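Colleague: Quick one: sequence and predicted model below, then my questions.
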Amino acid sequence: MKRITPYLRMKVMGAIEFAEGNSIRDRLHKVSEMYFKDEEGFSRKFTWRTIETWRTRFNQKGLPGIQINTRGDKGQTRKMAPGELSEAIQQVLPMFRKQDKGYNKKEIYRTCLEKGILRKEQIAQTTFYRFIQKYELMKPHLTDGNPHRLAYSKAFANEMWQADTMFGPYVKEGENSFQAKMIAFIDDASRVMAHGEFFKEENTVSFVKAFKTALYKRGVPQQLYVDNGAIYSNQEITLICARLGILLSHTPVRDGAAKGKIERFNRTVRDGFLCRNLELSSLEKLNKQFSVWCEEEYNARVHSGIGMKPIDRFGMDLKRIHFLPPSEFNDELFYAEDTRQVKKDNTFSFANRRYETPTDLRGREIVIRFDRSKNDSPVVYYKGERQGKANLLNLIANDRHPRNEVQL
């Protein structure tokens, strides 16, 4: 069975906040009815008990609480957990058609055994039936094309940010012109514009740059609410949020109105900023004008929704806000991540170059973090511990190192 990555677990937990229900238990049950796509595009479904376990571990330990750990009883048989059984069923369920009386449970069990997804030692056929009935593992997913929506607001600043991309004016740099894209973050409780910036391209690099600036300016939010666009739902953004302890939540598909505050801000930008006679000869000039407008007009003007200036409302909760101090190590929180196998000579390849690990990690699998916008050496992590920056391989320098003499 394919292992569940922290990326997928964070995606599932992010759906809890905006699921229907009057209690956390009701919302967990609602999320357990949803399907989530993993990194390979396969739909997965999880029991509410599994989701509750992930949520509890993340609240207690952050990202380490939901990391994938090797089982101590690997290779031994054990009882099947409801969450694991649900995952097994979801892998074969698309092969069957639902009849009037439901799915054929016997054929589903047999197919799981034939494909090696389940073993008889793990779960007997009668236990399989009992688990399906007890935990409602084959309950149909219900959808509602007209969701009931309530006006809401978080109680404190930085409990939740909303983010979105807006297509802006055309900028002409030299002989070339392009349509600028604005990526912006707004605080739900105070309506403060945490940060907004125009970019030439709407991609992961642009998002990370804007997000990083917003965090240094306004502190770390507890939750980030975004749509399902490519730059907001990829693995890299999810991992960055997980490292910072930020819960990443997504709106329902094709339901942009769910994040109404950032949508309303975008309209304010069009009506109050883009209508002006702007200097559009470069992105730098456009962003300087936008920054002045945000800080001196939008954030410093009484907001009709809260009856006071957003910056003043934000200041009321300053004692509760956790700020991220600028440092080289904090910058690494925003790096992309990949895995490498270290060779016997203690080197690995990255971006068509060979690097040496800062410590002896021969034959081990490591995690490297790197800044996409720079050509710097990657940082090496092993079992979650930072080992330091990798060194670009210098064969000539290594040849000059003293060698052990052969003892005859």
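Modeller: Perfect, thanks for sending it.

Colleague: I'd like the mean pLDDT over stretch 112-132, please.
Modeller: For stretch 112-132, mean pLDDT is 83.

Colleague: What's the end-to-end length of that stretch?
Modeller: End-to-end span of stretch 112-132 (Cα to Cα, to the nearest Å): 14 Å.

Colleague: Also stretch 268-276?
Modeller: End-to-end distance for stretch 268-276, by Cα to Cα: 12 Å.

Colleague: which parts of that stretch are buried?
Modeller: For stretch 268-276, a neighbour-count test (16 or more other Cβ atoms under 10 Å) marks 269, 273 as buried. C-beta: built from backbone N, CA, C; applies to glycine.

Colleague: Same question for stretch 217-226.
Modeller: Across stretch 217-226, burial judged by 16+ other Cβ under 10 Å covers 218, 219, 220, 221, 223, 224, 225, 226.

Colleague: low-confidence ranges in the chain?
Modeller: The model of the chain has pLDDT under 70 over residues 1-3, 39-41, 62-84, 87, 99-101, 139-152, 252-258, 396-408.

Colleague: got the residue ranges for the helices in it?
Modeller: Listed in chain order, the helices found in the chain under DSSP state H are 6-13, 24-32, 48-61, 82-92, 105-114, 125-135, 204-218, 235-244, 260-272, 283-293, 310-315, 328-331, 395-400.

Colleague: other SSEs contacting the second one?
Modeller: The reference is to helix 24-32. Packing partners of helix 24-32 (3 or more Cβ pairs under 8 Å, 6 or more residues apart in numbering; DSSP states H and E): helix 48-61.

Colleague: what's the angle from the helix it packs on to helix 125-135?
Modeller: Going by axes from the mean of the first three to the mean of the last three Cα atoms, to 10 degrees, helix 48-61 is angled at 70 degrees with respect to helix 125-135.

Colleague: Does anything pack onto helix 48-61? Which helices or strands?
Modeller: So helix 48-61, by 3+ Cβ pairs under 8 Å, 6+ apart, packs with helix 6-13, helix 24-32, helix 82-92.

Colleague: so how many other residues sit close to residue 336?
Modeller: Using other Cβ atoms under 10 Å, residue 336 has 18 neighbouring residues.

Colleague: and what of residue 302?
Modeller: Neighbour number of residue 302 under other Cβ under 10 Å is 10.

Colleague: ok, it - contacts?
Modeller: Residues near residue 302 by Cβ atoms under 8 Å, 6 or more residues apart in numbering: 308, 309.

Colleague: and if you look at residue 153?
Modeller: For residue 153, the contacting residues are 188, 189, 306, by Cβ under 8 Å, 6+ apart.

Colleague: count of residues packed around the last one?
Modeller: One way to gauge burial is a neighbour count; for residue 306, by other Cβ under 10 Å, it gives 14.

Colleague: Now do the spatially most central residue of the chain against residue 106, distance only.
Modeller: Centroid-nearest residue in the chain, with Cα atoms, centre = their mean: residue 238, separated by 1.4 Å. The spacing between residue 238 and residue 106, counted by Cβ to Cβ, to the nearest Å, is 38 Å.
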